[in-house]
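# make a model of this:
(one chain, ligands or ions: 1)
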Amino acid sequence: MICFITYLFQINILSYFEIWIPRFCYHGKYSSSVNCRMCLVEIKGSLKPLIACCILFNKNMIIYTNINLVTISVEFQLLCLTMYNIYNILK
Ligand code: FES
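Next up is the predicted model:
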């Protein structure tokens, strides 16, 4: 069981415990493309938010999903994606 959990991404573990993280480009059946940056989480001790869909879970990790830094980062990323799409439409 420990080996099974060790090779899962953080987003899989959080989904298993019904902790929902926003995601656009991640699908469990395909490899992660890591394009949208919507699945940001903070790991205790990290200096910046990290991407949950490409970082393997470690049993010693403490993951924060709803603190201010993560919320602001996700909102900023969503704003950037929106601006990029608007730019492409108007171009
Ligand atoms: S879901 Fe897109 S980068 Fe993680």
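# going by C-alpha atoms from here, please, whenever you check contacts or count neighbours.
OK.
# show me the strands in the protein, by range?
For the chain, the strands defined by DSSP state E cover 40-43, 50-51, 63-64.
# of those strands, which stretch is the most buried?
strand 40-43 (a mean of 22; mean count of other C-alpha atoms under 10 Å).
# who are the packing partners of that one?
In terms of contacts (3 or more C-alpha pairs under 8 Å, 6 or more residues apart in numbering; DSSP states H and E), strand 40-43 is packed against strand 50-51, strand 63-64, helix 68-90.
# how about TSV for those, with distance to the ligand and mean pLDDT added?
Formatted as TSV, those follow (distance: least, C-alpha to the nearest ligand atom, whole Å; pLDDT from 0 to 100):
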stretch	distance to the ligand	mean pLDDT
strand 50-51	6	91
strand 63-64	15	90
helix 68-90	10	91
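# winner for burial among the ones you listed?
Of all the helices and strands packed on strand 40-43, strand 50-51 has the most neighbours on average by mean count of other C-alpha under 10 Å, namely a mean of 18.
# the chain against the ligand: which residues are in contact?
By the rule C-alpha under 6 Å from any ligand atom, the part of the chain lying against the ligand is 23-26, 34-39, 51-53.
# pick out the residue nearest the middle of the chain.
Closest to where the C-alpha atoms of the chain average out (C-alpha atoms, centre = their mean) is Cys39, at 2.0 Å.
# I'd say that residue and Ile19 touch.
No - in this structure Cys39 lies outside contact range of Ile19 using C-alpha atoms under 8 Å: 11.7 Å.
# where does pLDDT dip in the protein?
1-6 (pLDDT under 70).
# give me the neighbour count for Ile67.
By the criterion of other C-alpha atoms under 10 Å, Ile67 has 10 neighbours.
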